[in-house]
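Chemist: build me a model:
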Amino acid sequence: MPKRILVGTVTSDKTDKTVTVKVERKVKHPLYGKIIRRSKKYHAHDEENAYKMGDTVRIEETKPISKTKTWKVIDTVQASKGVAVEADIEVEAAAGSTS
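Modeler: Next up is the predicted model:
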């Protein structure tokens, strides 16, 4: 039986060797016919803790690794934009005034 492969976004990387991946799919409402989004979160195994929040990744179904983990991360589809880093303004201002 082939292994299922899903594409989703990493929503949490706080646990060791585990990432939480949110997978969204679009379905048609059975009565009204409107296209609606359904999402589900999966715990996926990340051996090197390489994936960060916001990364779009592919996950593959595997044998159970723990009580909640039955998926592992294959690779990154798209890296996240990153988190803004605060600059130390006092150091930059002091370096600019000495020259």
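Chemist: can I take it that Leu6 is in a strand?
Modeler: Yes. Counting by DSSP: H, G, I helix; E, B strand; the rest coil, Leu6 falls inside a strand.
Chemist: burial of it, as a residue count?
Modeler: By other Cβ atoms under 10 Å, the residues close to Leu6 number 17. (C-beta placed from N, C-alpha, C; glycine too.)
Chemist: pLDDT weak spots in the protein?
Modeler: Low-confidence segments of the chain (pLDDT under 70): 82-99.
Chemist: does Lys34 touch Val27 like I think?
Modeler: No. Applying Cβ atoms under 8 Å, one finds Lys34 not in contact with Val27, separated by 9.9 Å.
Chemist: and the residue nearest the centre of the chain, how far from Ile35?
Modeler: Taking Cα atoms, centre = their mean, the centroid of the chain lies closest to Val10, which sits 1.0 Å from it. The gap separating Val10 from Ile35 is 25 Å, by Cβ to Cβ, to the nearest Å.
Chemist: next one: Asp16
Modeler: Taken as Cβ to Cβ, the span from Asp16 to Ile35 is 38 Å.
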